[in-house]
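Visitor: next input, structure requested:
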Amino acid sequence: MARNGLAQLIESADGIELIGAAASGEQALELLEAGAEADVALMDLSMPGIGGIEATRRIRERTGGPRVVMLTAFDDRERILDALDAGAVGYLLKDAETEEIFDGIRVAAAGDSPIAPRAAAQLVRERQERTGPTLTDREREVLTLVAEGLQNKLIARRLGISEKTVKAHLTSVFATIGVSDRTQAALWARRHGLIDDEPAAPPP
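Guide: Numbering: from 1, shown residues only. This next block holds a predicted model:
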């Protein structure tokens with residue numbers, strides 16, 4: 001029912017022609033093998049037989065195959081990344097407004113990548129977790145010295161800045177890395193390799 005309803009909606013959209021509808025990944029591949037020429041394929045993740053991820057991978061292996069846009073209820077990061085890794089160019093959610101889906105089809109056909117805001121937010125979080133929060137060079141210097149146990153006055157003297165500026169940098173650092181005090185900041189710095197986990201050996 002959902003597929004038929006969506007097909008009827010797409011047929012009513014301006015500038016979009018429905019080539020065919022499939023109930024499974026196998027049927028989608030059969031349509032293409034039978035000569036159906038589509039610019040965009042809307043693909044569900046959960047289907048009987050070949051699922052959306054594998055169907056997308058096989059479609060993208062075809063020379064001149066359609067650009068695949070996922071249209072699914074799942075908005076978890078793992079599925080989003082799996083879909084994009086398989087070759088999908090877009091990721092839309094089933095609770096989207098009808099016009100959002102139409103716009104997504106048009107955007108994909110034009111060569112761009114329609115991504116639902118919730119899916120985009122998951123990708124941003126994934127990137128942040130991979131690369132870590134972004135600190136300025138000065139913030140890294142201040143954080144490193146905090147992790148080494150220096151107080152603000154000594155940090156200011158070491159860096160040639162005012163103690164007030166040190167406090168401002170620390171406020172920004174705490175907010176960026178998601179901690180609330182110097183101890184947590186020092187632990188974060190050690191975990192992320194800003195300083196050695198073990199203290200340096202004293203000189204002989």
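Visitor: run through the helices of the protein in chain order.
Guide: When assigned using DSSP state H, the helices of the chain occupy the ranges 2-12, 25-33, 52-61, 77-86, 98-109, 117-131, 137-147, 152-159, 163-177, 182-191.
Visitor: could I get those helices as TSV with distance to residue 39 and mean neighbour count?
Guide: C-beta here means a position set from N, CA and C on the backbone, and glycine is covered the same way. Shown next, in TSV, are these (distance: least, Cβ to Cβ, whole Å; neighbours: other Cβ atoms under 10 Å):
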stretch	distance to residue 39	mean neighbour count
helix 2-12	13	12
helix 25-33	12	18
helix 52-61	12	20
helix 77-86	18	18
helix 98-109	5	18
helix 117-131	21	13
helix 137-147	46	19
helix 152-159	57	16
helix 163-177	42	16
helix 182-191	47	16
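Visitor: with mean pLDDT and distance to residue 19 added, can I get those helices in TSV?
Guide: Conversion of these to TSV gives the following (pLDDT from 0 to 100; distance: least, Cβ to Cβ, whole Å):
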stretch	mean pLDDT	distance to residue 19
helix 2-12	90	10
helix 25-33	90	7
helix 52-61	92	13
helix 77-86	89	21
helix 98-109	94	12
helix 117-131	75	25
helix 137-147	92	53
helix 152-159	94	64
helix 163-177	90	48
helix 182-191	89	52
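Visitor: so what are the domain limits for this structure?
Guide: Here the domain assignment for the chain is 2-129, 137-191, based on automatic domain parsing.
Visitor: just the endpoints, please. Distance across stretch 60-80?
Guide: Across stretch 60-80, the terminal residues are separated by 17 Å (Cα to Cα, to the nearest Å).
Visitor: ignore what I typed, I meant stretch 36-53.
Guide: Between the start and the finish of stretch 36-53 there is a gap of 20 Å, counting by Cα to Cα.
Visitor: grab the nearest non-local neighbour of residue 53.
Guide: Distances taken as Cβ to Cβ, 6 or more residues apart in numbering put residue 86 closest to residue 53, at 4.9 Å, once the chain neighbours are dropped.
Visitor: quick check: the one you found vs residue 4, distance?
Guide: Shown here: residue 86 relative to residue 4, a distance of 26 Å by Cβ to Cβ, to the nearest Å.
Visitor: what residue is smack in the middle of the chain?
Guide: When Cα atoms, centre = their mean is applied to the chain, the residue found nearest the centroid is residue 123 (1.1 Å).
Visitor: gap between stretch 138-151 and the chain center?
Guide: Averaging C-alpha positions (Cα atoms, centre = their mean, to the nearest Å) puts stretch 138-151 31 Å from its chain's average.
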